[in-house]
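1. Any chance you can model this:
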Amino acid sequence: MKDRHSIRIKGKGMKTYIFRVVIEPDEDRWSAHCPALLTYGAATWGTTQEEALKHIQEVVQMVVEELLEHGEPIPGFVQVSQEPLVAVTL
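-> Model (predicted):
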């Protein structure tokens, strides 16, 4: 299952970064990864599809916060918005 999830980074001049994530069944669990951030370890899993989505959101947020703290660019095809956004996954 392919999905998009938005993450809001705290601080001055807030931006919303939108990444594509991939969630798919893997034997008795669900695996999840963010292709744009895979080289930074943005992969995880969950016992349910919802848990995998929650975990990948947390991992992506940690990676993006670390990149920004070190002044590194956000790699890959990512949408950036100056406006607040809401993502709804059904």
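2. What is the lengthiest strand in the chain packed up against?
-> In the chain, taking DSSP state E as the definition, the longest strand is strand 16-26. Packed against strand 16-26 by the contact rule (3 or more CB pairs under 8 Å, 6 or more residues apart in numbering; DSSP states H and E) you find strand 2-8, strand 29-33, helix 49-69, strand 79-81. For glycine as for every other residue, the C-beta is placed from the backbone atoms N, C-alpha and C.
3. Okay, now the sheet partners of the shortest one, with direction.
-> Right, strand 79-81. strand 16-26 (antiparallel) (DSSP bridges).
4. For the strand it pairs with, buried residues please.
-> 16-17, 19, 21-23 (16 or more other CB atoms under 10 Å).
5. Mind picking the one among those residues that's closest to F77?
-> For the buried residues of strand 16-26, the closest approach to F77 (CB to CB) belongs to F19, at 8.7 Å.
6. so the closest one makes contact with L38?
-> No - taking CB atoms under 8 Å as the definition, F19 is not a contact partner of L38, at 10.8 Å.
7. show me where pLDDT drops low in the chain?
-> 1-12, 88-90 (pLDDT under 70).
8. Out of the helices and strands packed on strand 16-26, the one nearest A43 is which?
-> strand 29-33 (4.0 Å).
9. continuing past that closest one, what's the next helix or strand?
-> Remark: after strand 29-33, the chain's next helix or strand is strand 43-46, criterion DSSP states H and E.
10. Partner strands of that next one and their direction?
-> Strand pairing for strand 43-46, using DSSP bridges, gives strand 29-33 (antiparallel).
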